[in-house]
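>>> Turn this into a model:
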Amino acid sequence: MPCCSSDACSSTVASTGRYRRVLWIVLAINAIMFAVEIGAGLAAGSVALQADALDFLADASNYAISLFVLGMGLRWRASAALIKGGSMGVFGLWVIGNLAWNAIHGTTPHWGTMGAVGLAALIANAACLALLYAWREGDANMRSVWVCSRNDVLSNIAVLAAAMGVFGTGTGWPDIIVAAIMATLALQGAVTIIRHASAELATARLEEAGQRAF
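Predicted coordinates:
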């Protein structure tokens, strides 16, 4: 008898369907904001905006991976979460390298562009966070999506603070400091995701070993 003949399973399938639709929506939002922020970041000379733009790109890729493994077994979902954790870690390291380059060259970004685009990014990420709220306590894959979106909102707030700091000081140091904060958030999020995913992979291996034994 098919699983969906039960009320519980029907509820699970419906929930999965809603989650899939939400992922498509946040995927589109992140892809659009990547294009907006990367152009604005390069034009304004802001490493914080460029870093945030790459974060949007990483998130769009992560949501695409989540859509691909949705409904698959625990091993596949945990493996996808590992990939996402690794990508967040790479993003954090990239930001560190970029902020070091800007610090050496004394780049001063355009604060007005930083503020306007940072505000738009904050609104976009807050919408994504609200859409994903119901699945914040799911498996490692769902938690990784939630962690990414939560970190994005914090990063956007920091970008706005950097814009005000650049305006007030006339230097690029606030932009560099914010980029450092964003890198730290990315690395912390990566560690959290990888820890949960590794635990779920271990559980999946034990379950598979038990099934083979029978």
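
>>> Could you use CA atoms for every contact and neighbour count after this?
Fine.

>>> Output the longest helix belonging to this protein.
Longest helix in the chain, counting residues (DSSP state H): helix 173-213.

>>> now that one: mean pLDDT?
The average of the pLDDT scores along helix 173-213 is 80.

>>> by contact count, what packs against the helix or strand hosting Leu154?
Using DSSP states H and E, Leu154 falls within helix 140-169. Counting contacts by 3 or more CA pairs under 8 Å, 6 or more residues apart in numbering; DSSP states H and E, helix 140-169 is packed against helix 47-69, helix 74-105, helix 111-132, helix 173-213.

>>> May I see the buried residues of it?
Using 16 or more other CA atoms under 10 Å as the test for burial, helix 140-169 gives 140-167.

>>> just checking, Asp175 touches Val159?
Yes: judged on CA atoms under 8 Å, Asp175 makes contact with Val159 at a distance of 7.4 Å.

>>> The residue nearest to Ala190 when sequence neighbours are not counted and Ala120, how far apart?
Setting aside the residues directly before and after it, Ala190 is nearest to Gly85 in space (CA to CA, 6 or more residues apart in numbering), at 4.3 Å. Distance of Gly85 to Ala120, given as CA to CA, to the nearest Å: 26 Å.

>>> which of these two has more neighbours?
Between Gly85 and Ala120, counted using other CA atoms under 10 Å, Gly85 has the larger neighbour count: 28 against 15.

>>> Surely the more buried one and Ile194 touch.
Yes: under the criterion of CA under 8 Å, Gly85 makes contact with Ile194 at 5.4 Å.

>>> nearest residue to Asn156 other than its sequence neighbours?
Leu122 (5.1 Å).

>>> same deal with Ala51?
Nearest to Ala51 is Val95, by CA to CA, 6+ apart, at 6.1 Å.

>>> now do Leu132
Leu132's closest residue in space is Trp146 (CA to CA, 6+ apart), at 6.5 Å.

>>> returning to what we had before: what's the overlap in contacts for Asp175 and Val159?
For the pair Asp175 and Val159, residues contacting each of them under the criterion CA atoms under 8 Å, 6 or more residues apart in numbering are Ala48.

>>> In contact with the most centrally placed residue in the chain, which residues?
Nearest to the mean C-alpha position of the chain, counting by CA atoms, centre = their mean, stands Cys148 at 2.9 Å. By CA under 8 Å, 6+ apart, the contact set of Cys148 is 59, 189.
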